[in-house]
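Enquirer: Sequence first, then the predicted structure:
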Amino acid sequence: MTRRLAIRAAFAAFALGMLAYVPARAAESIDPAADKAAFQKFFTSKFPKLKLEDFVNGPYSMNEDLHKQWEEKEQFPPYEFSLEAGKEMFATPFKNGKTYADCFPNQGIGIRQNYPYFDEKEGKVVTLELALNRCREANGEAPFSYVKDDMAALTAYMAFTSRGKPMDIKIPNDPRALEAYQKGKEYFYTRRGQLNFSCATCHIQSPGQRIRAEVLAPALGILNAMPIYRSEWSGMGTTSRRFTTCNSQIRGVPLNPQDDEYRNLEYYLSYVSNGLPISGPGARP
Amino acid sequence: MAFVLPLFILRWHHQIEAWETSLIATISKPALVLALLAGTAMAAQAQSAAEGQKLAFDRGKGNCLTCHVIKGGELPGTIGPELTGLKAKYSRDELIAIVTDETKRNPQTVMPPFGRNRILSEKEISAVVDFLQTL
């Protein structure tokens, strides 16, 4: 009798152990598809009135008053000058006679949703901003500053030709790509700076909340609207500008634009917004 | 009568002296010092609370208004709870601990660890807590 009890107890303990073991292992393994589903579900549950595609309007999606402001802004969009400049730059040949179109698939039209991608030759993430400067350098032109002006104008035009296309970031079957994704995810959730904030502190834990008068944007779809005209900046800013200024604002030390950490972060953040439409260039308060 | 009056005055005077002596004996040292100290401490605390309010509203210092509604402050944020009735909710030590490093109590908190990351000095935190206790 006691022997039977002991066997049963041992079996139960084993079964319980297995149960505990399975989720623990799941948490350790890298599963971008599951991450993406959980990430999007988090936001749609938190804001049940919003459709998935609404999130690309950032703070303007968070309440009706702000949405009205956005609609009014779109009548005379503040990014218009930059967009026009970008269109012209894109069509103007380099000194060697080639153009940006020669550097990109489909002549660079309607491809924003595929960036960043994992370059298996280089073994690293390549963002659109990086690809644009590489294109310039390959054609004997000096690279642009990553944060505003010319770079913002070019990416504004490329985003504009891709409006409405769902973000479509691929993670190839390459352990280095998975690692880049995972590192980007870790960067996103790691607290840093004197204020001890992670990206998630504001953009996962507090979207829709106000810091002073400013409404925090949801992380979901946040890059789909890049580049943006920000009233606070009195000008355009790229994804690089957004990342570096976020780091400064939390009193951290910003990295250099297009450092590996930022490339990985952009890879992660874009992947979990897969399926949401490109809405850039955007306007923000 | 001329004799009685000075005697009466003398007695009266003695009586007053006796009262005074007993008063000085009972009240004097510890009590009087304490009373004086309490007065200065209260004044110092009021001054510290005023200093704390400045720190709490200063964007480069406590910047508490970024997340909390606080009486007397403009353009408050909405992330944290309104700071009101704190004296009834928390002891002074608890308030010091929350401002110093709230992640110890709540690892998920948005609140910056003002003491641990040297955003505010111990003295500044003490002043902010003096202010918080007036809310």
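Expert: Thanks, I have the structure now. Numbering: from 1, shown residues only, chains lettered A, B, ... in the order given.
Enquirer: From here on, just use CA atoms for contacts and neighbour counts.
Expert: Fine.
Enquirer: which SS state does B:Ala49 fall under?
Expert: Put simply, B:Ala49 is helix when judged by DSSP: H, G, I helix; E, B strand; the rest coil.
Enquirer: Wait, it touches B:Phe131, no?
Expert: Yes - using C-alpha atoms under 8 Å, B:Ala49 makes contact with B:Phe131 at a distance of 4.0 Å.
Enquirer: what separates stretch A:237-257 from the chain centre, distance-wise?
Expert: When distances are taken as C-alpha atoms, centre = their mean, to the nearest Å, stretch A:237-257 is centred 14 Å away from the chain's centroid.
Enquirer: any idea how far B:Phe114 is from chain A?
Expert: Distance of B:Phe114 to chain A, given as C-alpha to the nearest C-alpha, to the nearest Å: 8 Å.
Enquirer: Which residue lies nearest the spatial centre of chain B?
Expert: B:Gln45 (3.5 Å; C-alpha atoms, centre = their mean).
Enquirer: ok, now which ones touch it?
Expert: Residues in contact with B:Gln45, defined by C-alpha atoms under 8 Å, 6 or more residues apart in numbering or on different chains, are B:Asp130.
Enquirer: repeat for A:Ile250
Expert: A:Ile250 touches A:Arg192, A:Gly193, A:Gln194, A:Leu195, A:Asn196, A:Phe197, counting by C-alpha under 8 Å, 6+ apart.
Enquirer: about what we covered before: now name the helix or strand holding the residue nearest to the centre of chain B.
Expert: Under the criterion of DSSP states H and E, B:Gln45 resides in helix B:33-57.
Enquirer: residues of that helix that come out buried?
Expert: Neighbour counts using 16 or more other C-alpha atoms under 10 Å in any protein chain shown place B:Gln45, B:Ala46, B:Ser48, B:Ala49, B:Ala50, B:Glu51, B:Gly52, B:Gln53, B:Lys54, B:Leu55, B:Ala56, B:Phe57 of helix B:33-57 among the buried residues.
Enquirer: what does stretch B:78-86 give?
Expert: Neighbour-count burial for stretch B:78-86, with 16+ other C-alpha under 10 Å as criterion, is recorded at B:Thr78, B:Ile79, B:Gly80, B:Glu82, B:Thr84, B:Leu86.
Enquirer: what does the stretch 101-250 of chain A put close to chain B?
Expert: A:Gln194, A:Leu195, A:Asn196, A:Phe197, A:Thr201, A:Cys202, A:Ser206, A:Gln209, A:Arg210, A:Ile211, A:Arg212, A:Ala213 (C-alpha under 8 Å from any C-alpha of the partner chain).
Enquirer: Make CSV from the residues you listed and add secondary structure, distance to A:Leu66 and pLDDT to it.
Expert: CSV is the format used below for those (DSSP: H, G, I helix; E, B strand; the rest coil; distance: C-alpha to C-alpha, whole Å; pLDDT from 0 to 100):
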residue, secondary structure, distance to A:Leu66, pLDDT
A:Gln194, coil, 31, 97
A:Leu195, coil, 28, 97
A:Asn196, coil, 29, 97
A:Phe197, strand, 26, 97
A:Thr201, helix, 22, 96
A:Cys202, helix, 18, 95
A:Ser206, coil, 17, 95
A:Gln209, coil, 13, 93
A:Arg210, strand, 12, 92
A:Ile211, strand, 15, 92
A:Arg212, coil, 15, 89
A:Ala213, coil, 12, 86
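Enquirer: Please consider this matter closed, and thank you.
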